[in-house]
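1. I would like the atomic coordinates for the input below:
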Amino acid sequence: MPKATWNGAVLAESEQCVVVEGNQYFPMDSIHTEYFQPSTTHTTCPWKGTASYYNVVVDGKVNTDAAWYYPQAKDAAKQIEGHVAFWRGVTVDA
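-> Coordinates of the predicted model:
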């Protein structure tokens, strides 16, 4: 089962992940919300839409913008709408 970890904490795990461009997108209901704080960062992908970000916070350490999601994905990426993916040192084991 895919699992995302950082700084010794399990951030998310689910058998319902969607893989896009090599990234595991975890369903929103599979994340451990106590580790996530909204970020003001947004980026735009031409075919997926506008991404929003979370800072990941574990034991007082902050991993800025380490998780992203598409709250309103474009039609070509609807399968990842409401799913969360990770980078910046977050380990994702599939």
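2. distance of residue 93 from residue 32?
-> Residue 93 sits 16 Å away from residue 32, going by CB to CB, to the nearest Å. Using the backbone N, CA and C atoms, a C-beta is placed for each residue, glycine as well.
3. Give me the more crowded residue out of the two.
-> More crowded of residue 93 and residue 32, by other CB atoms under 10 Å: residue 32, with 13 against 10.
4. Excluding chain neighbours, what is closest to the more buried one?
-> residue 11 (5.9 Å; CB to CB, 6 or more residues apart in numbering).
5. Go ahead and confirm the one you found touches residue 67.
-> Yes: in this structure residue 11 lies within contact range of residue 67 using CB atoms under 8 Å: 7.4 Å.
6. what's the nearest residue to residue 13 if we skip its chain neighbours?
-> residue 3 (4.1 Å).
7. I figured that neighbour hits residue 12, correct?
-> Yes: using CB under 8 Å, residue 3 makes contact with residue 12 at a distance of 7.2 Å.
8. Which one's more surrounded, these two?
-> More neighbours surround residue 12 than the other of residue 3 and residue 12, with 28 against 17 (other CB under 10 Å).
9. send the alpha carbons of the helix or strand harbouring the more buried one over as CSV?
-> Secondary structure assigned from DSSP states H and E places residue 12 in strand 9-13. The C-alpha trace of strand 9-13 is given here as CSV (Å, rounded to 0.1, in the frame of the first residue of the first chain):
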residue,chain,number,x,y,z
ALA,A,9,5.7,10.4,10.7
VAL,A,10,3.2,8.7,8.3
LEU,A,11,1.6,11.5,6.4
ALA,A,12,-0.7,9.4,4.2
GLU,A,13,-1.4,5.8,3.2
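10. So for it, mean pLDDT?
-> Per-residue pLDDT over strand 9-13 has a mean of 98.
11. So which bits of that strand are buried?
-> If you call a residue buried by 16 or more other CB atoms under 10 Å, then strand 9-13 has these buried ones: 11-13.
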